[in-house]
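Engineer: okay, here's the prediction I keep looking at, along with the sequence it came from:
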Amino acid sequence: KDKSEGTTDFIYDLKPILDIWRENLHSNPHKLAVKDWTENTYSYQDIQDFSDNLASVLEINIQEPIGIRTSNSGSLIVAMMAVLKKRGIYVPLDPEISEERLNYIIKDAGITTIISDLKEIPNTKTIHPIQETEVSKSLNIIRPELDDICYLIYTSGTTGQPKGCCITNANLSNLFLGSLSNFNFTNDDRWIMAHSYGFDFSTWEIWGALLNGGSLYIPERMEIKDSFKFYDILLKEQITVLNQTPKSFDNLMLVGESSSKLIDLKYLVFGGDKLNTQKIETWKTQNKHVTLVNMYGITETTVHVTSRVITGEKYSNIGNPLPGYSIHLKNGQDERVPNGFIGEIIVEGEGVCRGYFKKDDLTREKFNYESIPTYKSGDLGWKMQGDFFYLGRNDRQIKIRGHRIELGEIETAILGIEDVSDSCILYDDVKKKIVAFFISNRSNVAIRKELIRSLPKYMIPTKWIKVEQFPLNSNGKIDKKELKNMF
């Protein structure tokens, strides 16, 4: 087997994440664990005590889904920890999602209890995360199992309906113990929760800090959306580990041009979308003290699967699998493709989640557990010189006049043209046209002229829309619904 595809053999003993948490608690109980935008601070012992108090009033069944809908504060961590201590399943309910999506998740997961310091949700029992009463000595902390589901995180797909991904202790342990060989995280690191806790990138931020003995800063949601305020927080809180989607970092780079350097930053980790490494080349050169890492993963495979320290590649090099993972590429006939050919990314290993909650048919369609847990990602990639490259979603394939076209391939070709800083390709289903959105100081006529040299005529966009910047959704990705309003 090609070593570049990784191995599902794991060199660490997987353990429940509460066990890893307790190791850090016992080694340094008074160390800062969490600080939030209200200036409240919590040591590891504080989080332990507050979550014990909450767990003592949580009357739930083992593996019962419990909603968490808190403000961006230390209450969030207390709530998560308390649910895990009762062997429950926590379900993040982002306060900014629509009422329709909120109600769907509550019904689909069968949630009857919600831990919240916000407005109560009708027809559910609400428990405040911070309990004033001291925990009784009779508190029954139930021993977690590796196969326990820790949380359900809902992700949308081509069906349009959110799907709850079942992430277990083994999944999380595989990710964080496996990442030790690729990162030099220490208990001196200061992480920041730069994403909604309803987006799985936040899982890496929250548990990455706490399972490595570091500290986590939780900003207010509006501070995350304001790039100037967010940059100031990075400076003030001396953040050492920053995680970003590529589009979100575009705005931070602009702020950084007229601000002080992030001298404390140690790691800048990209994920959640395709990275254009050429866009960050100047920033990288000016900040040589920072290690830039591009990571690839899917909610169904526990946030991250691969990593690659960024050098100077032209395309989105996602590197090779983390320990405990294996990936390979297959075509539509379920056959492996040769190097240099595009194929669907297939993920294997302990990081593959236990499927979709209460959706057995869809789980059987996308997952296979006969030998090694396997997931068909729906993402396209190719492999060159031992590294994997991410192209985009398989469901972005269209057919025009008998030709199958990958929209991501057009984006990649446009990004290869000089002075084009970004692009997004969409398909107008009504007018049956390929639409190119782009950011450049060049005209669409000049770009189109160069594109014809590298792509066949049927792949050339028929409509071009120049934009100053791309609108972003709450997960820091391009808001394609808003772009479609420009058609």
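Structural biologist: It's in.

Engineer: contacts and neighbour counts: CA atoms only from here.
Structural biologist: Noted.

Engineer: neighbours of residue 483, how many?
Structural biologist: Neighbour count for residue 483, taken as other C-alpha atoms under 10 Å: 18.

Engineer: likewise for residue 395?
Structural biologist: Using other C-alpha under 10 Å, residue 395 has 13 neighbouring residues.

Engineer: wait, is it part of a helix?
Structural biologist: Yes: with DSSP: H, G, I helix; E, B strand; the rest coil as the criterion, residue 395 is part of a helix.

Engineer: ok, it touching residue 380?
Structural biologist: No: in this structure, residue 395 is not within contact of residue 380 by C-alpha atoms under 8 Å, at 9.4 Å.

Engineer: now for those two: what residues contact both?
Structural biologist: Shared contacts of residue 395 and residue 380 (C-alpha atoms under 8 Å, 6 or more residues apart in numbering): none.

Engineer: show me the shaky parts of this protein.
Structural biologist: Applying pLDDT under 70 to the chain flags the ranges 1-2, 10-11, 133-139, 157-160, 314, 401-402, 404.

Engineer: show me what contacts the spatially most central residue of the chain?
Structural biologist: In the chain, the centroid-proximal residue (C-alpha atoms, centre = their mean) is residue 201; its distance is 2.8 Å. Shown in contact with residue 201 (C-alpha under 8 Å, 6+ apart): 195, 271, 272, 303.

Engineer: do you know how far it is from residue 298?
Structural biologist: Counting by C-alpha to C-alpha, to the nearest Å, the gap from residue 201 to residue 298 is 10 Å.

Engineer: overlap in contacts of these two?
Structural biologist: residue 272.

Engineer: which stretches of the stretch 51-200 of the chain form strands?
Structural biologist: 65-69, 89-92, 113-116, 125-127, 149-155, 163-168, 190-192 (DSSP state E, counting those that start in this stretch).

Engineer: so which of these is nearest residue 53?
Structural biologist: strand 125-127 (11.9 Å; C-alpha to C-alpha).

Engineer: helices or strands next to that closest one in the packing?
Structural biologist: strand 113-116 (3 or more C-alpha pairs under 8 Å, 6 or more residues apart in numbering; DSSP states H and E).

Engineer: next, the buried residues of stretch 146-153.
Structural biologist: 146, 148, 149, 150, 151, 152, 153 (16 or more other C-alpha atoms under 10 Å).

Engineer: using CSV, list the CA coordinates for that stretch.
Structural biologist: The C-alpha trace of stretch 146-153 is given here as CSV (Å, rounded to 0.1, in the frame of the first residue of the first chain):
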residue,chain,number,x,y,z
LEU,A,146,-15.1,4.7,24.0
ASP,A,147,-18.1,4.0,21.7
ASP,A,148,-20.3,6.5,23.4
ILE,A,149,-21.6,9.3,21.2
CYS,A,150,-20.3,12.6,22.6
TYR,A,151,-22.2,15.0,20.4
LEU,A,152,-24.4,15.3,17.4
ILE,A,153,-23.5,18.1,15.0
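
Engineer: got a list of contacts for that stretch?
Structural biologist: 14-16, 63, 65, 84, 87-92, 163-170, 198-200, 299, 357.

Engineer: what's the distance between it and the middle of its chain?
Structural biologist: Distance, stretch centre to chain centre, for stretch 146-153: 17 Å (C-alpha atoms, centre = their mean, to the nearest Å).

Engineer: now swap in stretch 450-469 and tell me
Structural biologist: With C-alpha atoms, centre = their mean, you get 30 Å for stretch 450-469.

Engineer: what do you get for stretch 466-483?
Structural biologist: Using C-alpha atoms, centre = their mean, the offset of stretch 466-483 from its chain centre is 17 Å.

Engineer: and it, end to end?
Structural biologist: Stretch 466-483 end-to-end distance (C-alpha to C-alpha) = 11 Å.

Engineer: buried sites along it?
Structural biologist: 469, 470, 472, 474, 475, 476, 477, 478, 483.

Engineer: quick one: the helices in the stretch 351-487 of the chain?
Structural biologist: Taking DSSP state H, counting those that start in this stretch as the criterion, the stretch 351-487 of the chain carries its helices at 360-366, 407-415, 444-451, 480-484.

Engineer: tilt between the third one and helix 407-415?
Structural biologist: Comparing the axes of helix 444-451 and helix 407-415 via axes from the mean of the first three to the mean of the last three C-alpha atoms, to 10 degrees yields an angle of 110 degrees.

Engineer: list the contacts of helix 444-451.
Structural biologist: 413, 414, 417, 460, 464, 466.

Engineer: partners of the longest strand seen in the chain in the sheet?
Structural biologist: In the chain, assigned by DSSP state E, the strand with the most residues is strand 374-384. Strand 374-384 sits in its sheet next to strand 343-349 (antiparallel), strand 367-368 (antiparallel), strand 387-393 (antiparallel), going by DSSP bridges.

Engineer: of those, which stretch is the most buried?
Structural biologist: Most buried of those, by mean neighbour count (mean count of other C-alpha atoms under 10 Å): strand 343-349, with a mean of 25.

Engineer: so residue 202 makes contact with residue 193?
Structural biologist: Yes: with contacts counted by C-alpha under 8 Å, residue 202 reaches residue 193, the gap being 6.2 Å.

Engineer: of these two, which one has the most company?
Structural biologist: Taking neighbours as other C-alpha under 10 Å, residue 202 and residue 193 compare with residue 193 leading, 25 against 19.

Engineer: for the more buried one, what are its contacts?
Structural biologist: Residue 193 touches 202, 205, 206, 216, 217, 218, 219, counting by C-alpha under 8 Å, 6+ apart.

Engineer: ok, and the most crowded of those residues?
Structural biologist: Counting neighbours by other C-alpha under 10 Å, residue 216 comes out on top of these with 28 neighbours.

Engineer: and that one, that's in a strand?
Structural biologist: Yes: under three-state DSSP, residue 216 sits within a strand.

Engineer: let me know which of the strands paired with strand 374-384 is the nearest to residue 405.
Structural biologist: With C-alpha to C-alpha as the criterion, residue 405 lies closest to strand 387-393 of the strands paired with strand 374-384, at 12.1 Å.

Engineer: so which residues of the stretch 201-350 of the chain form helices?
Structural biologist: In the stretch 201-350 of the chain, the helices defined using DSSP H, counting those that start in this stretch lie at 201-210, 221-225, 227-236, 246-256, 281-286.

Engineer: other SSEs contacting the longest one?
Structural biologist: Secondary-structure packing of helix 246-256 (3+ C-alpha pairs under 8 Å, 6+ apart): helix 227-236.

Engineer: chain center to the helix it packs on, what's the gap?
Structural biologist: 21 Å.

Engineer: buried ones in it?
Structural biologist: 227, 228, 230, 231, 232, 233, 234, 235.

Engineer: just the closest of those residues to residue 443, please.
Structural biologist: Taking these together and measuring to residue 443 by C-alpha to C-alpha, the closest member is residue 227, at 28.4 Å.

Engineer: surely that closest one touches residue 252?
Structural biologist: Yes: Residue 227 is within contact range of residue 252, at 5.8 Å (criterion: C-alpha under 8 Å).

Engineer: scan the chain for its longest helix.
Structural biologist: Assignment by DSSP state H gives helix 44-57 as the longest helix of the chain.

Engineer: what does that helix contact?
Structural biologist: So helix 44-57 is contacted by 24-25, 28-33, 77-79, 81-83, 85-86, 129-136, 139-140 (C-alpha under 8 Å, 6+ apart).

Engineer: that helix to helix 201-210, inter-axis angle?
Structural biologist: Using the same axes, to 10 degrees: helix 44-57 against helix 201-210 is 120 degrees.
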